[in-house]
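Engineer: sequence-free structure coming up:
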């Protein structure tokens with residue numbers, strides 16, 4: 001996929017990027033009939049930083065379906081629930097155990113919130129969090145090179161190949177029901193304003209459960225070509241991934257240069273790559289639609 005070559009020009013020592021899209025044949029794919037494209041070493045392990053949060057959020061949804069936890073479980077300060085924490089509406093600061101606001105008042109991106117989620121999962125499942133994540137998400141998806149070693153907010157390492165499997169799961173869920181996924185990936189507390197760290201303040205600042213929603217945010221690290229329903233995350237290790245359910249594709253790009261060392265350029269480069277990927281996917285689909293099953297033009 002030619003657009004992925006943009007990642008080879010980034011000012012980083014190591015980068016790898018990949019896209020997962022439905023089959024290019026023009027036929028409707030099954031959930032596992034996908035094409036994957038990778039530039040760089042797709043098997044190289046990178047520190048994910050905050051890309052850990054979506055993995056833990058998905059494990060939490062698995063626990064919801066198993067009945068181990070519920071989204072309305074009280075967790076943390078009075079009035080705060082698991083759902084508040086997953087959508088960064090729990091009133092906790094980025095770091096520190098003391099809340100700064102009541103739940104549901106504003107969007108405060110919080111590592112503390114995911115630490116509380118992790119503790120709640122451990123208590124509810126009677127399993128170490130890394131083991132629950134491995135058994136509930138990583139092994140079923142074949143993500144054999146992904147590890148959680150430390151914080152549920154930022155302690156995982158993974159590869160582009162593994163994360164493409166995760167993006168495919170987000171496009172067509174197999175570990176949770178479509179209804180649970182649809183509820184998780186809609187805006188939660190949609191009217192809240194807040195700051196996306198390193199990007200800026202947005203009013204509103206929509207989030208799903210464990211994922212930032214693109215919504216109408218502009219300018220934004222996901223670019224301009226994505227739909228408002230696109231969702232994803234980026235991390236302080238210089239990592240990013242998103243899924244656009246309308247475009248039916250997902251992108252992941254991992255680097256080894258901390259975000260704060262090239263923040264403004266990273267945001268620009270990520271947006272440029274995102275727009276190029278979506279433009280190429282749309283062009284390929286348009287070309288496929290104009291040809292019949294034998295490869296000859298329709299008409």
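Structural biologist: It's in. Just so it is clear, the structure is predicted and the values come from calculations on it, not from any experiment.
Engineer: List the strands paired with the helix-or-strand element of the chain with minimal mean pLDDT, with their directions.
Structural biologist: In the chain, no helix or strand scores lower on mean pLDDT, DSSP states H and E than strand 34-39, which sits at a mean of 87. Neighbouring strands of strand 34-39 in its sheet, by DSSP bridges, are strand 15-22 (antiparallel).
Engineer: tell me the strands in the protein, going along the chain?
Structural biologist: Using DSSP state E, the strands of the chain run over residues 15-22, 34-39, 46-47, 147-148, 156-158, 194-196, 200-202, 212-213, 231-235, 239-244, 249-255.
Engineer: mind checking the backbone torsions on the residue lying closest to residue 83 once chain neighbours are set aside?
Structural biologist: Once flanking residues are discounted, residue 83 sits nearest to residue 71: 4.1 Å by C-beta to C-beta, 6 or more residues apart in numbering. C-betas here are computed from N, CA, C, even on glycine. With angles defined as degrees, to the nearest 10, residue 71 sits at phi -60, psi -20.
Engineer: from memory residue 71 sits against residue 65, does it?
Structural biologist: No. With contact defined as C-beta atoms under 8 Å, residue 71 does not count as touching residue 65 (11.1 Å).
Engineer: These two: which has the busier surroundings?
Structural biologist: More crowded of residue 71 and residue 65, by other C-beta atoms under 10 Å: residue 71, with 19 against 14.
Engineer: re earlier: can you list the residues that contact the least confident helix or strand of the chain?
Structural biologist: With C-beta atoms under 8 Å, 6 or more residues apart in numbering as the test, strand 34-39 has contacts from 1, 4-5, 7-8, 16-24, 160-161, 164, 168.
Engineer: Could you give me the buried positions within it?
Structural biologist: By 16 or more other C-beta atoms under 10 Å, the buried positions in strand 34-39 come out as 34, 36-39.
Engineer: Tell me the one among those residues nearest to residue 78.
Structural biologist: residue 34 (44.9 Å; C-beta to C-beta).
Engineer: where along the stretch 51-200 of the chain do the helices fall?
Structural biologist: Assigned by DSSP state H, counting those that start in this stretch, the stretch 51-200 of the chain shows helices spanning 52-66, 82-86, 111-125, 129-133, 160-171, 178-184.
Engineer: roughly how far out does the second one sit from the chain middle?
Structural biologist: Spelled out, that is helix 82-86. Offset of helix 82-86 from its chain centre (C-alpha atoms, centre = their mean, to the nearest Å): 16 Å.
Engineer: So what touches that helix?
Structural biologist: Helix 82-86 has contacts (C-beta under 8 Å, 6+ apart) with 57, 60, 69-73, 75-76, 90-92, 103-104, 110, 113-114, 116-117, 120, 188-189, 209-210.
Engineer: Of the buried residues of strand 34-39, which is the nearest to residue 268?
Structural biologist: The closest of those, once distances to residue 268 are taken by C-beta to C-beta, is residue 39, at 18.7 Å.
Engineer: For the residue nearest the centre of the chain, give its distance to residue 50.
Structural biologist: Nearest to the geometric centre of the chain sits residue 232, at 3.5 Å (C-alpha atoms, centre = their mean). According to C-beta to C-beta, to the nearest Å, residue 232 and residue 50 sit 11 Å apart.
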